[in-house]
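S.K.: sequence first, predicted coordinates after that:
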Amino acid sequence: GQWCTRVPLICFGIVEWHLLDRCLRQFGREQCIPLEVPDSQRAFHGRDGRQGTRDWPTKLAKFITIWENRQSQDIVTPTLVGRMGYHDPYLDRYRQTSVRYMTPQGAADGAFADGIERIKDMTTGIIELGNEDVSFIR
């Protein structure tokens with residue numbers, strides 16, 4: 001369906017992107033690493049159409065072309081089964097690029113959970129033990 005398409009939504013001179021690849025889990029799909037946010041021509045934001053040009057089809061031609069070819073922009077991922085693994089590529093990237101905790105208590109809880117996961121990885125051979133890891137376990 002069109003809800004699973006990554007396309008610009010156009011209303012006169014305003015372009016906003018429908019970036020489904022950033023919230024696939026909400027739709028019961030496996031979450032992939034999202035693509036970069038496309039150019040939305042920020043110059044058009046905040047305009048109400050009463051001033052300036054009204055030739056939106058010419059100004060927004062590239063976005064209209066993408067919209068008209070929206071079937072080729074569908075995002076296809078498998079249905080999510082169970083939970084995402086701690087080392088899922090999306091979660092590894094998320095931990096590297098995002099602010100994970102909103103409160104000190106959340107940070108403490110998250111650090112504890114990360115430590116437990118790291119110990120699990122060490123005991124199952126996912127991570128090889130070195131001197132610093134042995135110190136971490138102690």
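M.R.: Looks like it arrived, so ask away.
S.K.: in this structure, where is pLDDT below threshold?
M.R.: Along the chain, the parts satisfying pLDDT under 70 run over 1-3, 40-53, 126-138.
S.K.: mind running it again at 50?
M.R.: Scanning the chain with the threshold set as pLDDT under 50 gives 43.
S.K.: got the residue ranges for the strands in it?
M.R.: Counting by DSSP state E, residue ranges of the strands within the chain are 7-11, 14-18.
S.K.: which parts of the chain are helices?
M.R.: Residue ranges of the helices in the chain, as given by DSSP state H, are 56-59, 61-68, 89-97, 104-123, 131-137.
S.K.: picking that back up, redo the strands of the chain as JSON lines? Include distance to residue 113.
M.R.: All C-beta atoms are positioned from the backbone trio N, CA, C, and that covers glycine. As requested, these are exported to JSON lines (distance: least, CB to CB, whole Å):
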{"stretch": "strand 7-11", "distance to residue 113": "37"}
{"stretch": "strand 14-18", "distance to residue 113": "33"}
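S.K.: just to revisit the earlier point, now render the helices of the chain as TSV, adding mean neighbour count and distance to residue 10.
M.R.: Converted to TSV, the helices of the chain look like this (neighbours: other CB atoms under 10 Å; distance: least, CB to CB, whole Å):
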stretch	mean neighbour count	distance to residue 10
helix 56-59	13	8
helix 61-68	15	6
helix 89-97	12	29
helix 104-123	12	38
helix 131-137	10	52
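S.K.: Throw these into TSV and include distance to residue 39, thanks.
M.R.: Conversion of these to TSV gives the following (distance: least, CB to CB, whole Å):
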stretch	distance to residue 39
helix 56-59	13
helix 61-68	9
helix 89-97	20
helix 104-123	34
helix 131-137	44
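S.K.: residue closest to the middle of the protein?
M.R.: residue 22 (3.2 Å; CA atoms, centre = their mean).
S.K.: wait, isn't it in contact with residue 34?
M.R.: Yes. Contact between residue 22 and residue 34 holds when scored by CB atoms under 8 Å: they sit 4.7 Å apart.
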